[in-house]
Structure formats: structure tokens, C-alpha cells
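> Mind looking at a prediction? Sequence and model below.
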There are 4 protein chains.
Amino acid sequence: MCRWLAYSGPPLLLEELLFKPENSLVRQSLSASKGIVPTNGDGFGLGWYGTQRLPGIFHDTLPAWNDANLLNLSEQIRSALFFAHVRASTGTSTSRENCHPFRWRHMLFMHNGQIGGYRLLRRELEQMIPYQIFEARGGTTDSEAFFLLACGNGLDEDVQDALKRTVTQILDAMSKSGTDEPFRMTAAISDGDKIYGLRYSSDHQSPTLYYATGGAIQVNNGLVEFSKGDAAALILSEPLDDQLDDWIEIPDGHILVANGGVVEVIPFQP
Amino acid sequence: MCRWLAYSGPPLLLEELLFKPENSLVRQSLSASKGIVPTNGDGFGLGWYGTQRLPGIFHDTLPAWNDANLLNLSEQIRSALFFAHVRASTGTSTSRENCHPFRWRHMLFMHNGQIGGYRLLRRELEQMIPYQIFEARGGTTDSEAFFLLACGNGLDEDVQDALKRTVTQILDAMSKSGTDEPFRMTAAISDGDKIYGLRYSSDHQSPTLYYATGGAIQVNNGLVEFSKGDAAALILSEPLDDQLDDWIEIPDGHILVANGGVVEVIPFQP
Amino acid sequence: MCRWLAYSGPPLLLEELLFKPENSLVRQSLSASKGIVPTNGDGFGLGWYGTQRLPGIFHDTLPAWNDANLLNLSEQIRSALFFAHVRASTGTSTSRENCHPFRWRHMLFMHNGQIGGYRLLRRELEQMIPYQIFEARGGTTDSEAFFLLACGNGLDEDVQDALKRTVTQILDAMSKSGTDEPFRMTAAISDGDKIYGLRYSSDHQSPTLYYATGGAIQVNNGLVEFSKGDAAALILSEPLDDQLDDWIEIPDGHILVANGGVVEVIPFQP
Amino acid sequence: MCRWLAYSGPPLLLEELLFKPENSLVRQSLSASKGIVPTNGDGFGLGWYGTQRLPGIFHDTLPAWNDANLLNLSEQIRSALFFAHVRASTGTSTSRENCHPFRWRHMLFMHNGQIGGYRLLRRELEQMIPYQIFEARGGTTDSEAFFLLACGNGLDEDVQDALKRTVTQILDAMSKSGTDEPFRMTAAISDGDKIYGLRYSSDHQSPTLYYATGGAIQVNNGLVEFSKGDAAALILSEPLDDQLDDWIEIPDGHILVANGGVVEVIPFQP
């Protein structure tokens, strides 16, 4: 499994959330608390919206806790909406093409979970992706396949509808294949305006997913501080510190929609 | 395009052919003489048969002229049949998964060339690969797709037949797609016993391909020396030195079959 | 040898100069026109001043022409003063620690050239670096050694004086060592305000160095366009296009000081 | 800290010990049992003696648990004496130059531990290395510095004597520097004939070090089996399985000398 975080709100340097908290994402790459596996050293990635519609992305296969480029970039890149992900592979190879977040046009996507029986389903899923989108297929992960399928289902027009149709398609395919493995997912999607955080599994055993909001977010002595207000939101796999009151769990089978720090959490039914 | 060489014969240290000749493969990675592009710095790879049926493989995305691991391994690995390849990408990304030679079971394959209109044909070709073989698909190159298709066509049972059927399938697919780009190929295939060197293009403009034979092959002062006999064969994209009499061109539209240094060159008609 | 460029002026996206010109720096990494070697594929690096005193840096050992991260970052990073460098090693290994530009505090430095007889001088030069600065020594290049020596000579207080004293120290050490190899250098230094471009060799055979100025700089159809004015300056190893009138050669044995686009070129006497 | 193992005896495929045991070295890279830190993902390396005096080496910065090259090489390389190491950095950067084992001439060396106060001692120690050996200094680790110092002290002539003199020199330097950090070491050294395993610390708190011997060593169902005899020896940071009777701890302040599987363990006094 993997760990990730997504932020929207007043522009922040990436390092504020990637390095400064006591349980920062980079620390989680070495030793996460709530993941199935503690170590997430199979690559990492960043996605961020700057001054353009097209977000930037950056990936590498070195463990995040070690990478000078990640540190240096985090000290410089300031963004009002960014994604960061550290990977623990569920079978596919470690390569830059298999790192999250994935990007298609102005959309960003990152994922923690798995498509049950993916090994045997891969090509079938790839065939369901419209060709102009399939051309973007650079790796072999179920995560990227899910994303491109969702893009083919109109993710850039209606995120929730596209997600529902994609999950449905995949559950159908899994069912027909006779696999007894589950579908499990936490995922973040963005179009540069909103962030969507999805938590859904076929067996109601989704990986963890939390969020927190405030007027502004900053980190002091390893603790994440939220000022009053609703301009900023954090959606993430596990809390960045142990001030547990700050972190609200997103219930299984729900999707969060964040507009700056204005958040709604609604049931997700594929 | 790329550059490659294949050797069979008395066991040699890889460095003998990869580093010692005046126009060694590693020098060709920096500055080839007969390639479409001089530089082949988009990754490299080795494949070699040792004491087992399964050949070893080694790939990296760093340019070959620079890689200490390649040098150190070449100084140690001794093999009676090996492949080496330096890559110049025709469009797909630089990653270890896209480096040659490719391996499936005990078969090795490497390639210089392109499938015309591949960008639009990729998925269709992937669909023609039997699933158990498709599982091995780790990258996005036309080279790997060709190879896995050929494996699906019984490459491990009858190399020449499988190659003919594969080329035919691909030319059909290209024709239907309406592409005006050609199919061009030099490729090496091995099952650990023989080496096959194919030179074929739809427009009779194949990249260059040469061979040389001898009792044994060694390199002195940058020049490749062949003793009398027929135990050793070299099949390669371009000569390793400028002693042009040593290097025999394989005519376009032909396939070479090498059994040790016993070689036959026959027309190839898909 | 290597190729580099430095820019100061109205903020630009890095891609404008790194990718768009017909002879962009990335194209020079594959095939430079005026370098001793055409290919500069032994790593690359960026340094840029953003919103902070500390500049960002980014390095990798993959050839620049191939690196998706470099492309993606260049599409996003906008800076009023940045450095970019593609490396052709003069002997030391290819590693991220050996990529330029080098950074110490708020200073950036990049280099094309060599210290004559460096192989035997390395440790002696390293001993001349004050210890707190020597701690920053991460690689093995003569370039980094030069830079840290210059930092020890007060580069962050008076660039020209520090450069003169450093060159003098090195020429003395070279002389005592009895080497017959020359000292050759083009280098760029910045403190975030000005850019200094030095062109100096012990044998008056420096690598090439050019500059150009304008009100603003942009690229259209591969050609670099300079509007009227003196807000922007480019200092670089070789012209980015073949509009030769735009590019002014910095005479050997001179140093250029650029303040935005206001430039003076004065003799450099160590 | 790091984890390592050294083997001498009847030729083995590297994979037998690197991958097959239930607590193989590769598994330890992800999750070691007895290390200060569980994860050793800051690079890995191999060193092995084949048919030549010069051993081969192979290093990479990707975590060992993920590297296809490491797996493929381990399936092919058979050696009667080899070293393998997975790294957890104590401060210096992750790069191929900082991976173990280190090689000088026909000597191999790998290390787990630290030189107390190394940050301030680095250059002083480097100055003590004879220049022709210092030329080999490619990285920045205390491990490599120790090794090259020992080479300068005649490691290739008398291992135990060189180790004693080196440890003494370093303890002196540490003492003069006033550091309160300890010197801690487990290390393996080989000349291609014998393996030396050293366990020594200034504060008697060395990392763990074990050994085992037998006529031959093989792995079945994850368990390491030793046949009767004394042809084979394994020296290693922690046991490869939980059959604890097989693994003998080397007492702190002792050095083991293995000649094939004939082993002596003697006190080590610098």
C-alpha cells in the first residue's frame, strides 16, 4: 500500500507538509503508522498547480527519505493545491512511470489500494480506455489504469459521476473474472480547483483516510496548526502528528469534496 | 535507432567485445558510425547464457559509456553466448523496462528498428499477445511488443516460422491502419543454442547488419582478430573496427542462423 | 567539457531557454556545436532563485534530452535568475554530487573547463578549503573544489576578488606540481542579484562564452528574440540559434558582470 | 546502520543466500531484526571473486528489495567467495560511490558502524591516506575512508596488523578531536582467499555479528542447512533464519579469520 496527502488553501511551500510534521509524508515513507506495510520506499511523486492550468509533476524511484531533489524542490515550490505520494508496490515494478500522481491534461490522480485480480484483468481494463487516452499509458499499475479509465469516463467533466462509472466497470470485470480479491481504494483527484478524496472498498476494509481544515495551516515544532477558518484543507492517508482531535476520519464508502477549506463528505455509491 | 551485438563461441569475457575494440559497442553508445543517430544514450542492456537454461539480463537507463556497473560486470561475466544493446529511443520513454534485450523463458531478443505507425497500433498489437505471455509486458516499446507476439507465435519452438508469422501479422495491422511509415528491423534472437540475426524492412531500407566468424575471437590493440575455424560468430549492427574485410554484410531481407561459428544466411520472406 | 547558460531578467519559465530554442541547452546535451565533445550526457542540473534567498537546485545523472522530470520542472519553474548546465565529464564519475550548479549558502556556481593535473592536486586543493565549507564537499570534481575554495576566499562578499585569489592559488599549486596541463575555465557565479561570467585560461584557449541582452527575451519558432532595453541578460557557452549578430563573444581573459541586463565586460587578471 | 553477509566455500549462486532464506539479506533491507534501524534502503552492493584476482563489484542506490538487476545477477553469479551489503546511511549521501563493498586492487571491504565525530574528522583522515590510494576515494563515507586508510597501512599484506594500526590511528584522531561519539564497527575484509570478520567498538557496544560453518550450505524452505564439514563459512550481521543454534555470535572485540570453513576467532586489540 502507499501513503499520500493532498492540500488546497493559501499557497504553501511543499516542505511545510512534506518534511516538517513529526509524522510527515517523508517520515511515513520510511516508517508509516497506519499502512499495511510500514515502508513506502518504492518511489515517490509530486503534483502541483502553479500559475498554469497544467500541473507540474515530479517522480523518482529512490526512497523519499533520501532524495536531495525532493528536499530541494520542496523548499522552493509554493502551491495552493498540491499532491504528494510515497509508494509501496502491490506487485508492479518500481519505475518512474509507475509513480503517482498521474496526470492527464489538467487532472491529477493518486491512489492507495488495489484492483482485485488485477494481474489477470490488466489488458481487459486497458482495452476499455479510449485510444487517445490510452496513448498516455506509460506504466503497468492498476492505479494508472483506473485513472485513465476514469478519464475516459469524463473525469474532467464530472468527477463523481466518472468515478462511479469507473468503479462499477471494474467491479463488473472483477466479478466476471471470478477473483476473490477485493477492490480497495483511497484516491485523490483534482482539476486544479477542487480536491476529491475517495474512500471505497468492495469489502468495506478501505485503507485509512483523514482530513482536516482551517483558515491556514502551518507546522510548528512538528505539530500541524490550523487557524480558524475554512480556506485550507488537508486530505491524507494518516495524521501528520498525534494531535488526534485535529484529524477527522472519512468514513468508508464516502467521498470528500474540498473547495479550498470548505468540505463536504457524502456517501459514495458506485 | 540502436546498436547491438550478439556473440556465440568459446566463452569470452563480455569486456572483450563491449570495451576493447576501437569501435566497441560502448563507444558506439557515445558515437556510432552507421546509425541514423550517432548517440545511443537512452539506456543499455546485457543478456547472457551462463550455466543455466535461463539467461541473465541486466539493464540501466544511464548511458553505457558512463556506467561503472556495466564495466565491472563486463570484466567478470564470461559467456559462450551473449547479447548487448545500446538504445536510441524512437519515441517511447527511457526506463529499465524499455531496455533490450528482452527475455521470456529462455529466449532473448533485441532489436533496432521500428513498427510503422506504432503509436496508433500499440494496443491492437498487445491484444494479439496470448495472455500468459502478455503478463510479461513491462514496458511500452514496439520492440517488446514484437517479441512477445513472436513468443505467442511459438518463437521458442521454431524461430524462423514465428518471426515470419509475426512480421506478417504486423504488416497486416500496419496496412489496415493506413500508416505510411515503414516497418524496419534488425533483430537478434537466441534460445541459448543458436543465434538468429534478422534484417528485414517493408521498404528495403533496413538498418545495417553484419557478421563475422572464426575459430576464436579476441581483441588486440583495438582490432578484432579471428583465428581460423568456425566455432565463433559475431552478429552486429556495425563493425567493431575498420578492418572492413572481416565484416560481412547480411543482405536486406535475409536471416542468419549461427550455430557456434557455423553460419547460414537465407532469404527471409514473411 | 560541458555546456551551460545563465539568465537574469524578467521572470521566465525555464523551458523558454532550456527547450524552445533551435539550439537549446537540452539539444546541446545531445549534440553541441562548439564544445570539445558534442555530447554532454553525463548529468545535468538546474539552479534558480525564487522567492527566497536560498536558490533551489536540481540534479540528475540521466542525459538531459531524455528526462521527463527536467521537462516537467521547466514547464513550471519561473525565475528571474537561473542557471542550467549539461555535463561532459573530464574524468570524475557521473553522480548527482558531481552535477552542476553547485550551491553554498545563497551562492550558485557552474563551470566548464578543468584544473590542469587535477588528479594529483585534488587533495591539496581540498586542504585549502576552510573546514566549515569543506563539510559541503559532496563529490570529487575539480569544479566543486574550485567553487568551495572560492567560497573560502569570500566569494559571497566580493566575487571578483575571490575569483582572482582562487585562480592564483590554483595556478600556484599547478605550477608546483609540475603539470603541463592547462587551467581552462568558463564559469558562472551568482549571489541572487548579479551574474558573473568568467572566461579565463592559463594558455589563452578558453572554451567559448557568449552573452546577449535585451529588454525581454522570448523564443519564437526556435529563434531567440530580444526586445529593446537592458533588463535581461543571457550568458552562455554557445548561441541558442544561428542569428549570430545577437550573440557577443566574451573575450578570453575577461569577466562579465550582469545586473539584470546591464552588463560590463572587464579584463580579468588573477 | 547496515546489514551484510560474507560467504566462502563451495561455489554458490548468490541468490541462495541473498533471496532464499526466510530472513535473507534482501528481506533485511526492508525489515531487519537486529539493526538499529529496521530499514536498510540507502543502496546496496555486491562483491564477488570469480575466475580472476580482481573481484567484481556492483552497486545501486535503489532499495535492494526492489531491484530487478540484483535479482537477475544473483540468479547467475556463482562464486566461492562473495560479499553483499544493504545500506542504512549514518549521514552521508546515497550514491553509488557510497555503497559497499569497496574495492581496492584485489581487496574487498564492507562495514556497519561509524567513526565517532566523523563529520569533523573527515579531511584529517583523508590526509592520512597515501596519495596513490587516495586517488581511489570516490565517495564521502567514513567506511570508505577507513578502508583506504587500512589499505595504506598494508591491508593487502597483513590484514590484522593493518586493521589494528588503522583503528589505533582513528581512535587517536577521535580522541584529539574531543568527540564524545563512539567508534563502532563490524566489518568484513577479503583478499580472495580468506575472509576476516571484525567486531570492535570503543564503547563495547558493537553491532551484532555472527558466523556459521559447514561442509556445504544450502537453503530449503527458507531455512539455511549446513552439512557436516568445514569447507564453508558465513559471516553476517544477523541470522538468516530463526534456527538460533546454527548461528554463533562473534564476541565484541574479536576478529574471525575464515579459510574456507575453517574458522578461528581471536581477540582484537588495537
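In hand now; what should we look at? Fair warning: this is a prediction, and the values are worked out from it, not measured in the lab.
> Lowest average confidence across helices and strands of chain A, where is it?
The element with the least model confidence among the helices and strands of chain A, by mean pLDDT, DSSP states H and E, is helix A:25-31, at a mean of 89.
> which residues make contact with that one from outside it?
Contacts of helix A:25-31 from elsewhere in the structure, counted by CB atoms under 8 Å, 6 or more residues apart in numbering or on different chains, are A:3-5, A:17-19, A:21, A:35, A:38-41, A:44, A:63-65, A:70, A:84, A:86, A:236-238, A:240, D:38-39, D:41. From N, CA and C alone the C-beta is placed, and that goes for glycine too.
> Buried ones among the residues you listed?
Burial by neighbour count, judged by 16 or more other CB atoms under 10 Å in any protein chain shown, picks out A:3-5, A:17-19, A:21, A:35, A:38-41, A:44, A:63-65, A:70, A:84, A:86, A:236-238, A:240, D:38-39, D:41 from the contacts of helix A:25-31.
> Take these and keep only those in strands.
Using DSSP state E, A:3-5, A:44, A:84, A:86, A:236 are the members of these that sit in strands.
> picking that back up, can you list the buried residues in the least confident helix or strand of chain A?
Residues of helix A:25-31 classed as buried: A:25-30 (neighbour count, 16+ other CB under 10 Å).
> Now render the residues you listed as CSV, adding distance to B:Tyr200.
Listed next are the buried residues of helix A:25-31 as CSV, based on distance: CB to CB, whole Å:
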residue, distance to B:Tyr200
A:Leu25, 51
A:Val26, 51
A:Arg27, 55
A:Gln28, 52
A:Ser29, 48
A:Leu30, 51
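> Go through the residues you listed and say which is closest to C:Pro130.
Closest to C:Pro130 out of those is A:Val26 (31.6 Å), distances taken as CB to CB.
> measure the closest one to chain C for me?
Here A:Val26 is placed at a distance of 17 Å from chain C (CB to the nearest CB, to the nearest Å).
> OK, contacts around the closest residue to that residue other than its chain neighbours?
In space, A:Val26 comes closest to A:Ala64 once its chain neighbours are excluded; the distance is 5.0 Å by CB to CB, 6 or more residues apart in numbering or on different chains. By CB under 8 Å, 6+ apart, A:Ala64 lies in contact with A:25-26, A:29, A:40-41, A:44, A:70, A:86.
> Quick check: the residue positioned nearest the centre of chain A vs chain B, distance?
A centroid search over chain A (CA atoms, centre = their mean) returns A:Met110, at 3.2 Å, as the residue closest to the centre. In this view, A:Met110 and chain B are 20 Å apart by CB to the nearest CB.
> before we move on, the earlier item: between the ones in strands among the buried ones among the contacts of helix A:25-31, which is closest to chain C?
A:Phe44 (11.9 Å; CB to the nearest CB).
> got the residues of chain A near chain C?
A:48, A:50-52, A:54, A:56-60, A:68-69, A:72-73, A:75-78, A:96 (CB under 8 Å from any CB of the partner chain).
> one more time with 6 Å
A:50, A:56-58, A:69, A:72, A:76 (CB under 6 Å from any CB of the partner chain).
> Quickly check the residues you listed for the two that are furthest apart.
Between any two of those (CB to CB), the greatest distance is 17.5 Å, for A:Gly50 and A:Asn69.
> Need the pLDDT of the residue in the stretch 151-270 of chain A that chain D sits nearest to.
With distances taken as CB to the nearest CB, the stretch 151-270 of chain A approaches chain D most closely at A:Glu238, which sits 17.7 Å away. Note on A:Glu238: pLDDT of 96.
> Show me what the longest helix seen in chain A is packed up against.
Taking DSSP state H as the assignment, the helix of chain A that covers the most residues is helix A:159-177. Packing partners of helix A:159-177 (3 or more CB pairs under 6 Å, 6 or more residues apart in numbering or on different chains; DSSP states H and E): helix A:118-127, helix A:142-152.
> quick one, the last one and helix A:159-177 angle?
Pointing back at helix A:142-152 there. Interaxial angle, helix A:142-152 versus helix A:159-177 (axes from the mean of the first three to the mean of the last three CA atoms, to 10 degrees): 120 degrees.
> Dump helix A:142-152 to CSV, restricted to CA.
As requested, C-alpha coordinates have been extracted for helix A:142-152 and formatted as CSV (Å, rounded to 0.1, in the frame of the first residue of the first chain):
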residue,chain,number,x,y,z
ASP,A,142,-3.7,-0.7,-11.7
SER,A,143,-3.7,2.8,-10.3
GLU,A,144,-2.8,4.3,-13.7
ALA,A,145,-5.3,2.0,-15.4
PHE,A,146,-8.1,3.2,-13.1
PHE,A,147,-7.2,6.8,-13.7
LEU,A,148,-7.2,6.5,-17.5
LEU,A,149,-10.4,4.6,-17.4
ALA,A,150,-11.9,7.4,-15.3
CYS,A,151,-10.6,10.0,-17.7
GLY,A,152,-12.3,8.1,-20.5
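> re earlier: just the ones in strands among the buried ones among the contacts of helix A:25-31 now: which is nearest chain B?
Using CB to the nearest CB, A:Phe44 comes nearest to chain B of these, at 16.2 Å.
> so that closest one makes contact with A:Val86?
Yes: A:Phe44 sits in contact with A:Val86 when judged by CB atoms under 6 Å, with a separation of 4.7 Å.
> Mind listing what's buried along stretch A:93-105?
For stretch A:93-105, burial by neighbour count (16+ other CB under 10 Å) applies to A:93-104.
> now the strands: where do they sit in the stretch 151-270 of chain A?
Listed from the start of the chain, the stretch 151-270 of chain A has strands (DSSP state E, counting those that start in this stretch) covering A:184-190, A:194-201, A:210-214, A:217-220, A:223-226, A:232-236, A:248-249, A:254-259, A:262-267.
> and the nearest residue to A:Thr140 once chain neighbours are set aside, how many neighbours?
The spatial neighbour of A:Thr140 that comes closest, neighbours along the chain excluded (CB to CB, 6+ apart), is A:Thr92 at 4.8 Å. Here the neighbour count serves as a burial measure; for A:Thr92 (other CB atoms under 10 Å in any protein chain shown) it reads 20.
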